[in-house]
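*Asks:* just to be clear, the model below is a prediction. Sequence and coordinates:
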Amino acid sequence: MQRVAKEKVVYALSAANEPALRVAENETFCLELQDCYAGRVRSEQDDFPREMGPFANPATGPVYVEGARPGDVLGVSIQAISICDAAVMVVGPKPWAAGAYPDGRKTAVYPVKDGAVLLREGHSVPVRPMVGVIGTAPQGEPVPTTTPGPHGGNLDCKEIVAGVTVYFPVNVDGALLAAGDLHALMGDGEVCGCGAEVSGELVLQCRVLPDFLPTPCVESEGWVHLLASARSLDACEQLALEKAHQYLTGIAGLDPSEAVRLMSLVGELHVCQVVDPLKTVRFSIPKWLAAR
């Protein structure tokens, strides 16, 4: 199996990035991922590396997928995620009130053992490894790996886990897929600005598909999650609902009025994250709703 070493990273998704790997459609490959701090925070005595500036969220890649052309959709199947044995969180004053943490930032390191994150003595939570940054190169200007958008990027959607397929637009030849920002655990909203940040490995397989659904979106066992990013949650909500309606009317063939009624009855609107340059929400539709 081909792999990309963790040193082969980018800090923006861009059509100008040189491929770190070329793969055939349906070929299985592995990306070694650094944590979002590029390994600079390893203990509770380490401060957040302010000098990182734009060098946060290193994304491994990009990977050139043979046969992917602008106008296609890239289906990225997450075959497996493995993570390291410790998770780092760095909490700063944003989005908290300035007086909440008078020393600026606090670092916590949580052991990951026997499939659980040990929060404190006697309290642990099962790991649920997920990918924070994953996406394809945009057609226009480069987009930093700290930012989400129509191309994917820093979506911080906790449903991007092993066993799902994530769909992205192909904007440039080869798609130029990259990924990073692994979490051992993260709650909806990612309200302090980070999850349980870890390094690890990601095993993927890609398919090239016709442009048949709104992207980015995630297909899990029983659900389709339509993702949208914008400056405000109101704008995110509107965009996600438009995508869901497009999916139900265009893919499932539902009457437009019926689609709206059913979205209100069985759809689920969730906030993925509120801390990136653009916020992200997902609107989740049960698969049976779209079955013809």
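*Replies:* On my side now, so go ahead.
*Asks:* all helices of the stretch 101-250 of the chain, in order?
*Replies:* 233-250 (DSSP state H, counting those that start in this stretch).
*Asks:* how is the protein divided into domains?
*Replies:* 2-210, 218-290 (automatic domain parsing).
*Asks:* mean neighbour count and mean pLDDT added to the ones you listed, as CSV?
*Replies:* C-beta coordinates here come from the backbone N, C-alpha and C atoms, glycine included. Shown next, in CSV, are those (neighbours: other CB atoms under 10 Å; pLDDT from 0 to 100):
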stretch, mean neighbour count, mean pLDDT
domain 2-210, 19, 89
domain 218-290, 18, 95
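*Asks:* M1 contacts L21, correct?
*Replies:* No - counting by CB atoms under 8 Å, M1 sits too far from L21 to count as a contact (11.1 Å).
*Asks:* stretch 32-47: how far from the chain's middle?
*Replies:* Relative to its chain's centre, stretch 32-47 lies at 19 Å (CA atoms, centre = their mean, to the nearest Å).
*Asks:* again but with stretch 204-222, I slipped
*Replies:* The answer for stretch 204-222 is 14 Å, by CA atoms, centre = their mean.
*Asks:* and the most centrally placed residue in the chain, what does it touch?
*Replies:* Centroid check for the chain by CA atoms, centre = their mean gives G132 as the closest residue, at 3.5 Å. By CB atoms under 8 Å, 6 or more residues apart in numbering, the residues touching G132 are C36, N57, N154, L155, D156, I160, G180, D181, L182, H183, M186, G195.
*Asks:* for the fifth one, give me its contacts.
*Replies:* Taking CB under 8 Å, 6+ apart, we find D156 in contact with G132, P148, D181, M186, E190, G195, C272, Q273, V275, D276, T280.
*Asks:* could you do the last one as well?
*Replies:* By CB under 8 Å, 6+ apart, the contact list for G195 reads M89, M130, G132, D156, H183, A184, L185, M186, G187.
*Asks:* repeat for A178
*Replies:* By CB under 8 Å, 6+ apart, the neighbours of A178 are V10, L13, N17, A59, T60, G61, P62, V63, V133, I134, G135, T145.
*Asks:* wouldn't H183 be in contact with V198 here?
*Replies:* Yes - the pair H183 / V198 is scored as a contact, 6.7 Å apart, by CB under 8 Å.
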